[in-house]
Each structure stands twice: as C-alpha cells, then as structure tokens.
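Colleague: heads up, no residue letters with this:
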C-alpha cells in the first residue's frame, strides 16, 4: 500500500507456479506462521484454497468502503487505489463507518503495472507469514476481473511521507523514532530471510515501510517477493525488478537475486533516515542526486558525517551513536555483496543502539561539517486478527 511504481523497472514475474507452499522461521522465533512447509510449487487454486485468509465478495468490500467513494480513498499508485473501510472484528462482515476494525482495501488497476501474479504473490506470502513487523493481510477478493486485497489499516501512513513531505501534518520524525523504525523494518527483513524456505523481499524502500498508530514499522507490498536460493545455490536468477536508487548494483548488472540485495536496499533506507534525503532526488545540486554516491565518502568520519545528517535532527542525537548507524549503513551498501552483514546481525546492532541512552550533546557542539575544498530488545508479540479459513 502506498508504494509508488513510477520508478519500477517493468518486467514480468515468472510463472506463478514458482510460489512455495509453507513458511517456518528457521529458529522458530518471533511470529513463525506455520509448523510445516514444503518446497513444492503451488498453482493459483492451491494458493487461494490454502491461504489463511478471508475470501470477501466484491459486494462486501463495496459495503465496507462505502462503495469505494473518493473520500474513502487513502492512497493511489501504479497498482490502483487504496480505500479505507470497516469490518466487524469477529465476523469480518462489513459494518458501520467508525465502528469495528479499520481496514485498507487495495483495488488493483486492471491495466496497471501490478498484475495478477503480484496479487497472487501477496496472498501466497502474507497469507502464511505472521510477524509484528509485517503488515497483516486479512483477506482478498477475486470477482471476475476484479482483484482486491484487504489489509489491516496503518493510520500513520508510510515512512516516505513522514521523511520527505513537508507541512503541518507531517512533522519531522524525531531521532529516537527513526532508530526504532529502522529496527522494526530490520526485524521484519530478518524474519523473512530466516524463514524456511527463505523469502527475499526485493522491494525495500521507504514507501513500502508503513507505520501503525504507535509508529511501529511494518513491511508491506509483497508483490515482488521471491523464494530464496535452495540447496548449495547462493542466488536465484530473475529478471530485474525493483526501484531506482534502492536496487543492489550486482542485481542490476546480473539479475542474480539473494538476501544480500535486501541488505543493500535496507542500507539505502538507513541513509534516508539519517539524512532526510530521498534515494534519488533530481532537485538536489549536481553531484548529489544519488544519495549513496553522494553520502558514502562522508559516512566514515564523525566530522564529515555532519554534512549528511538531517538538519532537522540538530540536538537530538550523539555523534557517536549516529556514527555507528552510519558505519552500519556503509556495511550494508558495500559493493561486495558477500561482505554485507546478514539482517540478523543488523538487528543485533540496532537493538544495542536502540537501548542506549543518548550521551550529552556537547560532543557535537565543537564539531562542524568540514569543508570539501581540500578534497527494545525483543519484538512484541503479534496481534492475531480472527481469520476464517477459506478452506
């Protein structure tokens, strides 16, 4: 939801039968969604029959969203439109606006970039994976040519909006909130990478990180997700899909997909959180359009790091802590994919930084940007919505 496909590299996903059947956290921790799994590919019918989701009728979703009225629309993109609606928490039947469970209904544009296979991928993955840092998919609708998805409603919108939009509604995100959001997104990715079979998210970016009422970060939009490599293979060969500025360089050049591609993209999001700048921003001065290329030389030195830091964060952080996160970002965006950390190690680093108290801010008062002329410890438990099986 809220994802922008304008920069997506268009291609087609391979046949829908690549979708695997069951998922289990390899260590059995934090929101594992099943106790059995299989690598056997599944057909569309098998996915829809076995997903632990509610099958809504189009009539039910029309009623829940007040017939998809424009004043119920909360988002729009290449995939179509997202509408706010209401359903009963127990029966999941449509109910009066302002009562029951608030939902977000994604209505796919029949001629949009996000096609049937991506719709099916979301059902396949989010219909079985359960974690506090993944957006919860409640159900779906398949009615002739109409394809819809029903999610929990994320009232704070996307990280992208809070970082980059200006105005009274979007106040600058505080430093500690940014660190907590980074940790939440990292936990969601670590869970996917440690699932069995492994899941590669493939579209890590600020617009796909949504925020609940408590600003908890959750990954959304699994239309590009793929199963990871199996056996002794280190990557999966795919056609290139993703978003400009976030995709790992080796993926763009070879189409070889691995979990390390997600790590690179997460490093770009870390830079966005530190700087308040977009991954690609043509409005920046010449030489500063690409965030990674511009920021990388400044990240390894505290004094130079100040040139990268979001000026709206002044006085909220210690440079020691900011520098540690900057160095973590450097590791994540390493050109050498093998040298990038695993997401479980990224989580460990961010957890340590998240629980640290900020040191006195005097340390940054004597540090100014140098001139360029000379050169919570555990994830919260998942809240389970009632989900009648469609089996």
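Modeller: Sure, I can see it. Because the structure is a prediction, the values reported are computed rather than measured.

Colleague: low-scoring pLDDT stretches of the stretch 251-391 of the chain, where are they?
Modeller: 356-391 (pLDDT under 70).

Colleague: Looks like residue 333 contacts residue 292 (just checking).
Modeller: Yes: the criterion here is Cβ atoms under 8 Å, and residue 333 meets it with residue 292 at 5.6 Å. All C-beta atoms are positioned from the backbone trio N, CA, C, and that covers glycine.

Colleague: Now list whatever residues contact both of the two.
Modeller: When contacts are counted by Cβ atoms under 8 Å, 6 or more residues apart in numbering, the set common to residue 333 and residue 292 consists of 268, 271.

Colleague: These two: who's more crowded?
Modeller: Neighbour count, other Cβ atoms under 10 Å: between residue 333 and residue 292, residue 333 has more, with 23 against 18.

Colleague: Next up, the contacts around the closest residue to that one other than its chain neighbours.
Modeller: Leaving aside its chain neighbours, residue 333 sits nearest to residue 267 (3.9 Å; criterion: Cβ to Cβ, 6 or more residues apart in numbering). Residues near residue 267 by Cβ under 8 Å, 6+ apart: 328, 329, 330, 331, 332, 333, 340.

Colleague: Tell me how far the residue nearest to the last one when sequence neighbours are not counted lies from residue 188.
Modeller: Excluding the flanking residues, the one nearest residue 340 by Cβ to Cβ, 6+ apart is residue 263, at 4.5 Å. Summarising the geometry, the distance separating residue 263 from residue 188, computed by Cβ to Cβ, to the nearest Å, is 13 Å.

Colleague: just to revisit the earlier point, how about the contacts of residue 267 in JSON lines, adding distance to residue 281 and secondary structure?
Modeller: Below are the contacts of residue 267 laid out as JSON lines (distance: Cβ to Cβ, whole Å; DSSP: H, G, I helix; E, B strand; the rest coil):
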{"residue": "328", "distance to residue 281": "22", "secondary structure": "helix"}
{"residue": "329", "distance to residue 281": "17", "secondary structure": "helix"}
{"residue": "330", "distance to residue 281": "20", "secondary structure": "helix"}
{"residue": "331", "distance to residue 281": "23", "secondary structure": "helix"}
{"residue": "332", "distance to residue 281": "20", "secondary structure": "helix"}
{"residue": "333", "distance to residue 281": "17", "secondary structure": "coil"}
{"residue": "340", "distance to residue 281": "24", "secondary structure": "coil"}
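
Colleague: Closest one of the residues you listed to residue 157?
Modeller: residue 329 (23.8 Å; Cβ to Cβ).

Colleague: Who are the contact partners of the closest one?
Modeller: So residue 329 contacts 267, 270, 271, 274, 299 (Cβ under 8 Å, 6+ apart).

Colleague: before we move on, the earlier item: residue 263 and residue 188: who's more crowded?
Modeller: Using other Cβ under 10 Å as the criterion, residue 263 and residue 188 rank with residue 188 on top: 28 against 25.

Colleague: ok, that one touching residue 135?
Modeller: No: if you go by Cβ under 8 Å, residue 188 and residue 135 don't touch, sitting 9.2 Å apart.

Colleague: any common contacting residues for these two?
Modeller: 218, 219.

Colleague: Adding distance to residue 316 and secondary structure, write the contacts of residue 329 out as TSV.
Modeller: Formatted as TSV, the contacts of residue 329 follow (distance: Cβ to Cβ, whole Å; three-state DSSP):
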residue	distance to residue 316	secondary structure
267	22	helix
270	17	helix
271	18	helix
274	12	helix
299	19	coil
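
Colleague: which of the residues you listed lies closest to residue 321?
Modeller: residue 274 (11.1 Å).

Colleague: In the protein, what residue spans correspond to strands?
Modeller: 24-25, 54-55, 73-77, 80-87, 101-108, 137-143, 146-152, 195-196, 199-200, 209-211, 217-219, 226-227, 236-237, 256-257 (DSSP state E).

Colleague: Tell me the helices and strands packed up against the fourth one.
Modeller: It refers to strand 80-87. Here strand 80-87 touches helix 58-64, strand 73-77, strand 101-108, going by 3 or more Cβ pairs under 8 Å, 6 or more residues apart in numbering; DSSP states H and E.
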